[in-house]
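Participant: Everything below, folded, please.
(2 chains)
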Amino acid sequence: NAGVTQTPKFQVLKTGQSMTLQCAQDMNHEYMSWYRQDPGMGLRLIHYSVGAGITDQGEVPNGYNVSRSTTEDFPLRLLSAAPSQTSVYFCASSYAPHNEQFFGPGTRLTVL
Amino acid sequence: AQSVTQPDIHITVSEGASLELRCNYSYGATPYLFWYVQSPGQGLQLLLKYFSGDTLVQGIKGFEAEFKRSQSSFNLRKPSVHWSDAAEYFCAVAPPDGNQFYFGTGTSLTVIP
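Facilitator: Residues are numbered from 1 along each chain as shown, chains lettered A, B, ... in the order given. Next up, the predicted model:
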């Protein structure tokens, strides 16, 4: 099993550009989530999904969109990137919200 | 609202010394409790978790944690630290009736020879 995979590993954007961070898991997990990690802030939940077709907002959802058309994939979209979105983004999956979460390797995003 | 507090931003210990990392949570009922470790440039790896039962939980890499309901704490311990334990440690909670995971701000551990 590949576990949780994320692409790309690094990305540089200009302010106003859009992009999609990809996340996929092959463990048949229903629950998937996106976090951003900033120095001194820990991990903050952006969006999560409890199953295909169901998504909800986390602590810091503004500026990000998600969709969950399949169990395996949970892409995160930045519609108009801002410097405040410079961060490391982690995708995670688990059987249920309160179970152990399995993390991807992260995407380091810089917005100029 | 739920919250997780890790009061120590950074800790330095000598190799072979004991370690305790603190974690306090704020929640009405007992949540599910976790400790994760993040090595530089890596994702997060689960060290241990507490759902119910014995309040002393054993994890990987020689770590253990003790749940104390009266103090709303879930402190992580290791009797003898190795240089490879240098990393960032995160405490996390998951309310049993909710859909979200909450992380603390992390404690960075430096191990000196």
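Participant: Alongside chain A, which residues does chain B contribute?
Facilitator: B:6, B:9, B:31-32, B:34, B:42-46, B:49, B:90, B:94-96, B:98-106 (C-beta under 8 Å from any C-beta of the partner chain). C-beta coordinates here come from the backbone N, C-alpha and C atoms, glycine included.
Participant: Can I get the buried ones among those residues as something I can paste into PyMOL?
Facilitator: To isolate the buried members of those in PyMOL, using 16 or more other C-beta atoms under 10 Å in any protein chain shown:
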select buried, chain B and resi 6+31+32+34+43+44+46+49+90+94+95+99+100+101+102+103+104+105+106
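Participant: Residue B:63 and residue B:77 touch, don't they?
Facilitator: Yes - in this structure, residue B:63 is within contact of residue B:77 by C-beta atoms under 8 Å, at 7.1 Å.
Participant: Between those two, which is the more surrounded one?
Facilitator: residue B:63 (20 against 14; other C-beta atoms under 10 Å in any protein chain shown).
Participant: Near chain B, which residues of chain A? Just list them.
Facilitator: Counting by C-beta under 8 Å from any C-beta, chain A comes close to chain B at A:4, A:31, A:33, A:35, A:40-45, A:48, A:50, A:56, A:58-59, A:90, A:92, A:97-98, A:100-101, A:103-106.
Participant: Partner strands of the helix or strand where residue A:44 lies, with direction?
Facilitator: Taking DSSP states H and E as the definition, residue A:44 sits inside strand A:42-51. Sheet pairing for strand A:42-51, assigned by DSSP bridges, gives strand A:31-38 (antiparallel), strand A:54-57 (antiparallel).
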